[in-house]
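**Q** below is the sequence, then the predicted model.
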Amino acid sequence: MQLPKVRFHILLIAGGLTLGVSACSKSVQVRGEFPTPLVEALPLRAGLYYDETFKNHTHEEVSEDRDKWVIATGNSQVALFDSLARGLFKNTETVDSVSDSSHDHIDIILSPAIEALQFSMPRETKVNVFEVWIKYNVRVHTGDGALLVEWPLAAYGKTPTAFLRSKNDALNLAVRAALRDAGANFTRGFAKIPEVREWIESEKK
């Protein structure tokens, strides 16, 4: 699934060009709690590997309102996938790598990555509504580190109301909505991935 093409004034610096100092900087530290999915757990022992880029994910962009936005999602991304794994698998733990001899007791390892994060600004300054798109690549490895599949996962979120005090609050809510959408899509779709389904069936034999 391709993310929609959203028109941005993205900062692309080349040949020594720099952004004018008139632009302001707005920071959003995305935080939130994500409930454990109430589903029948797969009979798998899962490891979760988060690289430094994922754990500290920060999106920076100069948007249509000429402000520079810095959106930190790393902590929330880790909290989301921790919660998803607790509901979807029999046992879970974080691991330091996808290939380690100490993984003998682990059946499957998930390593999520964020490939893109986009957001649209309010079309009218008095309507404080944002839309957010996130594109993930979830790498699924067997316990011995062999890559089973790279699963593209898309998510969308929108500010639920325009009656908020600030654009920061509005964007924060939109990102959190996108994370919840990612969680729902992950929960519904993981066991349906053909490579995963076939691997689970082969392990039962």
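**A** Received, thanks.

**Q** moving C-terminal from the lengthiest helix in the chain, which element do we reach first?
**A** In the chain, taking DSSP state H as the definition, the longest helix is helix 167-189. Using DSSP states H and E, the helix or strand that follows helix 167-189 in sequence is helix 194-204.

**Q** which helices and strands sit right next to that following helix?
**A** Applying 3 or more C-beta pairs under 8 Å, 6 or more residues apart in numbering; DSSP states H and E, one finds that helix 194-204 contacts strand 131-142, strand 147-158. Just so you know, the C-beta spots here come from the backbone N, C-alpha and C atoms, and that holds for glycine as well.

**Q** among these, which is the most enclosed?
**A** Greatest average neighbour count among these goes to strand 131-142 (a mean of 20), per mean count of other C-beta atoms under 10 Å.

**Q** low-confidence ranges in the chain?
**A** 1-23, 64-66, 101-103, 124-126, 204-205 (pLDDT under 70).

**Q** go again using 90 as the cut-off
**A** Along the chain, the parts satisfying pLDDT under 90 run over 1-28, 31-41, 61-68, 97-105, 120-129, 143-145, 160-168, 200-205.

**Q** what residues of the longest helix of the chain count as buried?
**A** The neighbour-count check on helix 167-189 (16 or more other C-beta atoms under 10 Å) flags 167, 170-183, 185-186 as buried.

**Q** for stretch 194-205, same thing?
**A** V196, W199, I200.

**Q** same thing with stretch 62-80?
**A** Applying 16+ other C-beta under 10 Å to stretch 62-80 flags V62, S63, W69, I71, A72, T73, G74, S76, Q77, V78, A79, L80 as buried.

**Q** those in helices, which ones?
**A** Those of the buried residues of stretch 62-80 lying in helices (DSSP H): G74, S76, Q77, V78, A79, L80.

**Q** next one: the first one from S27, what distance?
**A** When distance is defined by C-beta to C-beta, to the nearest Å, G74 is 13 Å away from S27.

**Q** TSV for the buried residues of stretch 62-80, including distance to T161?
**A** As requested, these are exported to TSV (distance: C-beta to C-beta, whole Å):
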residue	distance to T161
V62	26
S63	20
W69	20
I71	20
A72	23
T73	21
G74	26
S76	20
Q77	24
V78	28
A79	24
L80	22
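
**Q** farthest pair in these?
**A** Checked with C-beta to C-beta, the buried residues of stretch 62-80 reach their widest spread between V62 and A79, with 28.0 Å between them.

**Q** my guess is K55 contacts G74, does it?
**A** Yes - the criterion here is C-beta atoms under 8 Å, and K55 meets it with G74 at 5.1 Å.

**Q** joint contacts of these two?
**A** Common contact partners of K55 and G74 (C-beta atoms under 8 Å, 6 or more residues apart in numbering): none.

**Q** who does the residue nearest to N172 when sequence neighbours are not counted bridge with?
**A** In space, and not counting its chain neighbours, N172 is closest to V28: 5.3 Å by C-beta to C-beta, 6 or more residues apart in numbering. Per DSSP bridges, the residues bridged to V28 are I71.
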